[in-house]
Structures are given as structure tokens and as C-alpha cells.
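# sequence first, predicted model second:
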Amino acid sequence: MFDPVIAPSGTLLGLLQRGRGDGTLHALAAPRAEALNALNHCVTNDPRHDWQVENRSLYYARLYLDLHGDLDPLEHHLFRAEDHFETDESRTGLALAVLGHLASYGRDDALALLRRYAASGSNWTWALDELALRDDDAGLRSLAPTILDRFPTTAEGDAELATALQGAFEPRPWRLWADDPREAVATRVRAAREQGSFDRWQQQLRPSGPRPGWSVQAVFEWAQDGLERGTTLHVPAARCLTAVAGPDDRAAIVEAGRSGPDGARSAALHYLAEARDPAVLDLIESAATDPSESLAEAAVAAFERMCGDAAVDRARGWVHRPDALGASAAGVLASRGGP
């Protein structure tokens with residue numbers, strides 16, 4: 001991927017490409033057509049030098065809402081012929097992430113685009129992960145046959161399906177499909193899940209990652225070591241905690257979520273959020289205001305993956321916050337159709 005061409009900092013496009021806060025003010029003051037052209041250019045030509053460490057999707061999604069922008073340019077970008085041979089996820093990832101946030105804010109057109117792209121796009125796994133957080137059960141179940149048709153019913157196809165299931169960032173669609181009333185869907189997904197579990201067991205026997213017998217502290221050290229080397233491992237580390245942690249480890253995990261180093265703290269927050277631990281919402285609120293950008297983003301991401309009455313109640317209290325946690329709370333409430 002070529003380095004992005006960044007416009008001068010004094011221009012509207014240059015401000016939006018840099019993710020500047022005053023870029024929003026200039027966009028709202030500019031003629032709407034000019035502002036939308038600049039915004040569409042940013043989302044369809046990712047301006048970030050390293051898209052894996054710079055989070056810009058919420059910034060652009062909120063500007064789409066403020067400008068009442070339509071999604072035709074994003075649709076054109078996602079479904080261009082290039083999608084069949086330029087399959088690097090960096091080409092479409094920003095647009096899909098923006099659509100995910102817009103779907104959280106109640107934009108049904110964004111939800112429909114994500115469903116279409118998950119069914120036919122090359123970066124379908126990213127779209128499915130976005131839908132896992134925003135779509136309802138019926139919408140996800142409707143995608144099952146199309147997704148499974150991507151994998152031929154051969155030994156090679158079954159192996160590829162197991163790899164896709166194992167590598168899914170969000171497990172919710174696969175869990176739904178494993179319990180699908182359509183026997184053909186459920187049987188195939190369950191078989192892939194069993195194969196994936198066996199593969200993970202084999203991988204755990206290798207020295208490169210978590211292994212049977214690892215302690216909670218060892219998992220935290222692995223997550224922290226990854227962060228220091230520039231690799232975010234808090235999500236897989238949280239899954240490892242699910243395998244190795246017992247009831248007696250809760251206090252240590254909560255303490256790590258409160259005052260541990262950034263990598264361990266992020267892993268603890270994701271684990272506690274998945275477990276709906278009663279302490280996690282206070283820990284998320286504290287971490288979301290931390291000077292560490294990676295930790296604050298991990299805290300917001302952990303909250304976005306929560307469900308249940310406690311998360312919704314806390315979202316009502318956070319919705320007026322001016323930061324990313326407030327935006328996330330607004331998305332949670334919008335996705336549940338209530339104030």
C-alpha cells in the first residue's frame with residue numbers, strides 16, 4: 001500500500017485527513033457539498049500512515065451524521081471491480097468501520113450495506129465482525145447460507161471454514177449459526193468449531209503463545225510483551241483468560257483492570273466485560289480517561305461489546321460525555337432503540 005497523499009494542513013481536506021478536532025468545526029462551517037466531498041475522500045482513501053494503530057472511524061462517522069451524508073460514495077467504493085483483486089483489508093477497512101458506527105447510531109442504510117458486503121465482498125470477515133456488534137439475530141442468521149457457500153464442501157473447504165471461524169474477531173454470528181434450526185447450517189458450523197478447537201489445542205502446545213498450565217499472570221505478561229513490541233494482544237489474551245482463570249483469580253484480574261500496565265489492563269477489561277463482571281463498568285469509565293490512547297480505546301471497545309441491562313443503564317449516564325465513551329454510549333442506546 002502506498003503512503004497516503006496528505007493535503008496542506010490549512011485546507012479542510014488536510015484537517016480531516018489528520019483527524020483534527022477543528023476539522024469538524026471547519027467542515028460544519030463549509031458548504032455542505034464541499035465538506036461531504038472531503039469526508040468521502042478521507043473514508044475511501046484512508047489517510048492514516050498506519051491504519052492498524054490510528055482509530056479514525058468514529059470521528060468520520062459522527063461527521064457523516066452531522067452533515068446528513070448519504071452513503072452512495074461508500075457503496076461505490078466497496079463494490080468497485082477492484083474489490084475482487086485488491087483484497088487487502090486496508091482498502092475497505094475504514095469504510096466498513098465507519099458503516100459499523102453509523103449502524104450503531106440507527107442508520108439502516110449502513111446496516112444494509114454491511115449485510116450486502118458481508119455476502120459478496122472480499123473483506124467479508126471485517127463486515128461480519130461489524131454486524132456481530134450491531135445486527136439482530138435474524139439479520140445474522142440470514143447471512144449464514146451465503147457465508148458458508150464461500151467454502152466448498154471439500155476437505156480443503158472445511159479446513160478453510162474452520163480457520164475462518166477460529167480467526168473471527170467476534171464469535172457471535174458463529175455461535176448463532178451453530179444453534180441454527182437449519183440442520184445443514186448448524187452441522188457444518190459445529191464441525192468447523194470442533195476442528196478449530198482441536199487446532200487451538202495444538203497451537204497451545206507450541207512455545208509461541210499461551211499453553212496449558214499458564215497462569216493468569218503469564219497471560220497478562222504475554223499481552224504486555226506484545227504491546228511493547230507493537231502488537232495488540234489484549235483480545236486474544238482475554239480469551240486465554242477465559243480458559244485459565246478460575247473463581248479465585250477474580251481479585252487479581254480486577255486489580256489488573258484497575259492499575260496494571262496497559263496491555264494487561266486492556267486484557268483484563270475485555271475479559272471482565274465478556275464475563276459481565278459487576279466491577280467492569282467502573283473500571284472502563286476510569287480507563288477511558290487515561291492518558292494512554294491505546295488503553296482508552298481498549299476500554300471503549302470493551303464497553304461496545306457488552307450487552308445487558310447494566311450496560312444500558314450506565315450508557316444512559318455516559319451518553320452526554322464529550323469523549324469517545326459518550327459516543328459509544330450513544331451508539332449502545334441507539335442500537336437498542338431507547339433513550
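Received the coordinates, thanks. Keep in mind the model is a prediction, meaning the values are calculated, not measured. Residues are numbered from 1 along each chain as shown.

# name the helix or strand for the residue nearest to A61 when sequence neighbours are not counted, please.
Nearest in space to A61, with sequence neighbours left out and distances taken as C-beta to C-beta, 6 or more residues apart in numbering, is H101 at 3.5 Å. C-beta here means a position set from N, CA and C on the backbone, and glycine is covered the same way. In this structure, H101 is located in helix 93-104 according to DSSP states H and E.

# report the distance from that helix to the chain centre.
Offset of helix 93-104 from its chain centre (C-alpha atoms, centre = their mean, to the nearest Å): 9 Å.

# ok, and what's touching the helix or strand just after that helix?
The element immediately downstream of helix 93-104 (helix or strand, assigned by DSSP H and E) is helix 108-120. Outside helix 108-120, the residues that touch it by C-beta atoms under 8 Å, 6 or more residues apart in numbering are 70-71, 74-75, 78-79, 92, 96, 99-100, 102-103, 123-124, 127-128, 130-131, 134-135, 139, 142-143, 146-147.

# re earlier: hang on, the residue nearest to A61 packs against G331?
Yes: the criterion here is C-beta atoms under 8 Å, and H101 meets it with G331 at 6.6 Å.

# so where is the stretch 201-339 of the chain shaky, pLDDT-wise?
Filtered on pLDDT under 70, the stretch 201-339 of the chain yields the residue ranges 201-213, 335-339.

# quick one, helices of it?
When secondary structure is read from DSSP state H, counting those that start in this stretch, the stretch 201-339 of the chain shows helices at 216-228, 234-244, 250-259, 262-274, 280-288, 293-304, 309-318, 324-335.

# just these: most buried one?
Sort the helices of the stretch 201-339 of the chain by mean neighbour count, taking mean count of other C-beta atoms under 10 Å, and helix 262-274 sits at the top with a mean of 27.

# can you pull the contacts of A97?
The neighbourhood of A97, defined by C-beta under 8 Å, 6+ apart, consists of S57, W126, E130.

# now with 6 Å, please.
Counting by C-beta atoms under 6 Å, 6 or more residues apart in numbering, A97 makes contact with S57.

# now it: how far from A110?
Using C-beta to C-beta, to the nearest Å, we find A97 at a distance of 11 Å from A110.

# please apply the same query to L241.
As defined by C-beta to C-beta, L241 lies at a distance of 33 Å from A110.

# what does A299 give?
Counting by C-beta to C-beta, the gap from A299 to A110 is 24 Å.

# what's around the closest residue to G308 other than its chain neighbours, how many residues?
Spatial nearest neighbour of G308, chain neighbours left out: R276 (5.9 Å); criterion: C-beta to C-beta, 6+ apart. Close neighbours of R276, defined as other C-beta atoms under 10 Å, add up to 13.

# ditto for T24
For T24, the neighbour count with other C-beta under 10 Å is 19.

# if I pick it, what's in contact with it?
So, once contact is read as C-beta under 6 Å, 6+ apart, T24 ends up touching L63.

# can you tell me how far it is from D70?
Here T24 is placed at a distance of 19 Å from D70 (C-beta to C-beta).

# picking up where we left off before, and the helix holding H101, average pLDDT?
Per-region confidence: helix 93-104 scores 95 on mean pLDDT.

# that helix vs helix 108-120, what angle?
For helix 93-104 against helix 108-120, the angle by axes from the mean of the first three to the mean of the last three C-alpha atoms, to 10 degrees is 130 degrees.

# which element follows the helix or strand that contains T146 toward the C-terminus?
Secondary structure from DSSP H and E places T146 in helix 137-148. Following helix 137-148 in sequence order, the next helix or strand is helix 155-167 (DSSP H and E).

# distance between that next one and the chain's centre?
In terms of C-alpha atoms, centre = their mean, the gap separating the centre of helix 155-167 from the centre of its chain is 21 Å.

# just checking, what packs against it?
The criterion is 3 or more C-beta pairs under 6 Å, 6 or more residues apart in numbering; DSSP states H and E, and the helices and strands that helix 155-167 contacts are helix 183-204.

# could you pull out the helices for the stretch 1-150 of the chain?
Per DSSP H, counting those that start in this stretch, the stretch 1-150 of the chain carries helices over the ranges 12-18, 21-29, 32-44, 57-67, 72-78, 93-104, 108-120, 124-134, 137-148.

# and among those helices, the most buried is which?
The highest mean neighbour count among those, using mean count of other C-beta under 10 Å, belongs to helix 93-104: a mean of 25.

# and that one with helix 32-44, angle?
Between the axis of helix 93-104 and that of helix 32-44 there is an angle of 120 degrees, by the same axes, to 10 degrees.
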